[in-house]
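> sequence unavailable; structure follows:
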């Protein structure tokens, strides 16, 4: 990923917060023909894995070729995208001063690269993984759904139809492109412009613009 120094995000806390808030990642692997393959998959961040590493946990349908065609020992790449929005040059104070302004796009993104372990031969471990993934997305709800709510024969069929994914992260890269390269009056204009857009992404991006 191209990363000018002023857009680099070095705070792991910010990486983890983005991954937890936007868990649906683009998972890039290598297919049987050697070409890259992209799948959209949700992942749960385990920043305190038992071995001290940082892991990302997920699952795919057994029918998905990802888990058996990706070469063993080859890293996968996960891309997590946070708030993003178009930035109009009309929001810049310097437009009136000299007119030397152009449109751009602000965004936040985290990339995680690491080794993939497939969980498919241990039903107990796979069930524990699915229970953990479910609890992460259901635990805060008034009446959280649990795997045990489903009939046991159905759960047994489910366990045969999916495989678990465990990615041990070896490298993080994060980019916060949020108008840091603009003078303060222009940044203030971007905040005001995003506020008027009225979209969820614009509203989430505005507080990230430096004051």
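Cool, got the structure. Note that this is a predicted model, so its numbers are computed, not measured.

> now for residue 92: which residues touch it?
101, 182, 185, 186, 189, 190 (CB atoms under 8 Å, 6 or more residues apart in numbering). Every C-beta, even on glycine, is put in place using the N, C-alpha and C of the backbone.

> nearest spatial neighbour of it, chain-adjacent residues omitted?
Excluding the flanking residues, the one nearest residue 92 by CB to CB, 6 or more residues apart in numbering is residue 186, at 4.3 Å.

> ok, now how distant is the one you found from residue 170?
Using CB to CB, to the nearest Å, one obtains 38 Å as the distance from residue 186 to residue 170.

> more neighbours, those two?
Neighbours per residue (other CB atoms under 10 Å) separate residue 186 from residue 170, with residue 186 holding more: 20 against 12.

> and for the strand or helix carrying the more buried one, what are the contacting residues?
Taking DSSP states H and E as the criterion, residue 186 maps to helix 184-197. Under the criterion CB under 8 Å, 6+ apart, residues 85, 87-88, 90-94, 106, 179, 182, 202-203, 205-206, 209-211 lie in contact with helix 184-197.

> restricted to helices, list the residues you listed.
With helices identified by DSSP state H, the entries of these that belong to them are 94, 202, 203, 205.

> just these now: which is nearest residue 21?
Compare each of those with residue 21 using CB to CB and the shortest gap goes to residue 205, at 12.6 Å.

> and the pLDDT for that closest one?
For residue 205, the model assigns a pLDDT of 96.

> number the chain from 33, please
Let's use 33 as the start, then, which means that last one is residue 237.

> now do the same contact list for it.
Taking CB under 8 Å, 6+ apart, one finds 115, 116, 117, 138, 139, 140, 210, 226 in contact with residue 237.

> ignoring the adjacent residues along the chain, who's closest to it?
In this structure, residue 237 finds its nearest non-sequential neighbour in residue 115, 4.0 Å apart by CB to CB, 6+ apart.

> can I assume that neighbour sits in a helix?
No - read with DSSP: H, G, I helix; E, B strand; the rest coil, residue 115 is strand and lies in no helix.
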